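Chemist: Sequence plus the predicted model coming up.
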Amino acid sequence: MLSPSGSSRQLALFCAQLPRLRSLHRGPVGAEKRMVIDSAVRAARAGEPVDGYLERLGVGAARTAGVPVGADEGEDTSRNPTRPPRVSDGAPHALLGYHICPREMCERREHRTADGERPVCGVFDLALRFVAEL
């Protein structure tokens, strides 16, 4: 059984991966996995753990260890000192704050650039809440 923070971490992972999971399992071939995704969403909304569903979907803490919640799997999150920072990482374009779970049920935390889209919680179908950095 997961600790409350472990459960929160699993929910944050699920929330961040939900759009990708839904797009991967479209059409008739993904019908079985879509049922698992829908069951996981219902469990998350009810405050139940989602770790068992994540395992069935092939998304788990072991597979994503060291990856920040909300980071794309294909994106290199480490900084290479020989390259300049990406434009989206530059201070003039960055918003001073971050977005968190609108229901405060998980640890998901997203930073967004001025030209980026507002992050959305796929579990509750709500935009993440902005918290200004002081």
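Modeler: That came through fine. Numbering: from 1, shown residues only.
Chemist: Looks like residue 102 contacts residue 126 (just checking).
Modeler: Yes - between residue 102 and residue 126 a contact is recorded at 4.3 Å, counting by Cβ atoms under 8 Å. Placement of C-beta: from N, CA and C, glycine included.
Chemist: any idea which helix or strand of the chain has the worst average confidence?
Modeler: helix 4-24 (a mean of 86; mean pLDDT, DSSP states H and E).
Chemist: What residues sit buried inside it?
Modeler: Using 16 or more other Cβ atoms under 10 Å as the test for burial, helix 4-24 gives 7-18, 21-22.
Chemist: what do you get for stretch 33-45?
Modeler: In stretch 33-45, counting by 16+ other Cβ under 10 Å, buried: 33, 34, 36, 37, 40, 41, 43, 44.
Chemist: Also stretch 124-134?
Modeler: 124, 128.
Chemist: Name the residues that touch it?
Modeler: Contacting residues not belonging to stretch 124-134 are listed as 45, 95-103, 108, 110, 118-121 [Cβ atoms under 8 Å, 6 or more residues apart in numbering].
Chemist: Quick one: mean pLDDT over it.
Modeler: On average, the pLDDT along stretch 124-134 is 89.
Chemist: for it, how far is the first residue from the last?
Modeler: 28 Å (Cα to Cα, to the nearest Å).
Chemist: Same list, the buried residues of helix 4-24, but as a markdown table with distance to residue 114 please.
Modeler: Converted to a markdown table, these look like this (distance: Cβ to Cβ, whole Å):
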| residue | distance to residue 114 |
| --- | --- |
| 7 | 34 |
| 8 | 29 |
| 9 | 29 |
| 10 | 31 |
| 11 | 28 |
| 12 | 24 |
| 13 | 27 |
| 14 | 28 |
| 15 | 23 |
| 16 | 21 |
| 17 | 25 |
| 18 | 25 |
| 21 | 28 |
| 22 | 27 |
